[in-house]
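Novice: Would you be able to build a 3D model of this:
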Amino acid sequence: MTKQELFNQITQKSSYLCVGLDTDLNRIPKHLLKAEDPLFEFNKQIIDATIDYAIAYKPNIAFYEAHGVKGWESLQKTIEYIPKEAFTIADAKRGDIGNTSNMYARAFFDAMNFDSITVAPYMGEDSVKPFLEFDNKWVILLALTSNAGGKDFQNLSLEKGGELYEEVLRKSQEWGSDEELMYVVGATRAEALQNIRKIVPDHFLLVPGVGAQGGSLEEVSKYGMNKHCGLLVNSSRGIIYADDSVDFAKTAGVKAQELQAEMEGFLAKFL
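Specialist: You can find the predicted model right below:
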């Protein structure tokens with residue numbers, strides 16, 4: 001999916017909502033455990049209920065690979081079920097030496113046909129470039145995350161000035177363009193978005209942490225939006241686990257619609 005195609009979806013749905021499919025067998029409604037494939041059945045109903053309001057879906061790969069072969073099969077069925085107009089993100093946080101990264105890229109881009117993958121930048125250019133060699137695919141580089149431990153390294157001050165996450169943003173622009181590179185910025189770090197936009201004004205940002213983690217959608221939208229919106233705001237638990245009854249999908253749809261309605265207002269206000 002190209003940048004323009006992604007922006008077209010945002011404008012058509014008046015939404016920049018990404019639904020995180022962090023599907024945990026211990027948290028899905030109990031009646032689904034009787035299904036042939038509980039993980040996929042849950043995802044299928046969530047997708048059906050939210051597709052009118054979401055422009056992207058982000059399966060967290062760990063929740064599938066934890067179940068071995070069956071989990072990978074559930075993931076494959078999920079990615080095939082997601083409508084083609086939706087942007088798909090493999091939340092895998094891969095990153096290794098060149099040959100290994102190339103195999104990771106082939107797995108998620110060729111074999112599973114995801115539109116994008118999250119990648120850790122710690123090993124530098126040769127660990128990221130193999131993911132950028134695939135046409136119309138995206139690398140979403142970890143930049144400034146919301147977890148408490150993120151500050152251990154991401155906010156370290158550099159001798160030449162600035163912080164380490166800022167250097168990640170600056171240096172990585174030498175590897176790829178805003179037509180193939182996005183960045184992860186946690187919603188609970190919204191105070192840094194103004195600075196981030198000075199460094200990467202035209203890139204899309206994947207922003208987790210709105211909702212259950214306490215991030216402010218209004219602040220993220222105000223400080224993070226650019227002329228192409230430039231935001232994919234993810235909500236996982238706040239949507240998919242809002243209800244554990246037989247009506248879970250209906251409730252998920254309501255929660256997604258509520259977020260979409262807020263986003264429609266912020267698009268009108270800030271875009």
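
Novice: Which elements pack onto the helix ranked longest in the chain?
Specialist: In the chain, taking DSSP state H as the definition, the longest helix is helix 248-270. Judged by 3 or more CB pairs under 8 Å, 6 or more residues apart in numbering; DSSP states H and E, the packing partners of helix 248-270 are strand 17-21, helix 38-50, helix 217-224, strand 231-235, helix 237-240. The C-beta positions use only the backbone N, C-alpha and C, and glycine is treated the same way.

Novice: Go through those and name the closest to A249.
Specialist: helix 38-50 (4.0 Å; CB to CB).

Novice: Could you identify the helix or strand that succeeds that closest one?
Specialist: strand 56-59 (DSSP states H and E).

Novice: what helices or strands is that following strand leaning on?
Specialist: strand 17-21, helix 68-81, strand 87-94, strand 231-235.

Novice: now those as CSV including mean pLDDT, distance to G150 and mean neighbour count?
Specialist: What follows is those, written out as CSV (pLDDT from 0 to 100; distance: least, CB to CB, whole Å; neighbours: other CB atoms under 10 Å):
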stretch, mean pLDDT, distance to G150, mean neighbour count
strand 17-21, 98, 18, 26
helix 68-81, 98, 26, 16
strand 87-94, 98, 13, 22
strand 231-235, 97, 16, 27
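
Novice: Distance to Q194 added to these, as JSON lines?
Specialist: Shown next, in JSON lines, are these (distance: least, CB to CB, whole Å):
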{"stretch": "strand 17-21", "distance to Q194": "22"}
{"stretch": "helix 68-81", "distance to Q194": "35"}
{"stretch": "strand 87-94", "distance to Q194": "25"}
{"stretch": "strand 231-235", "distance to Q194": "14"}
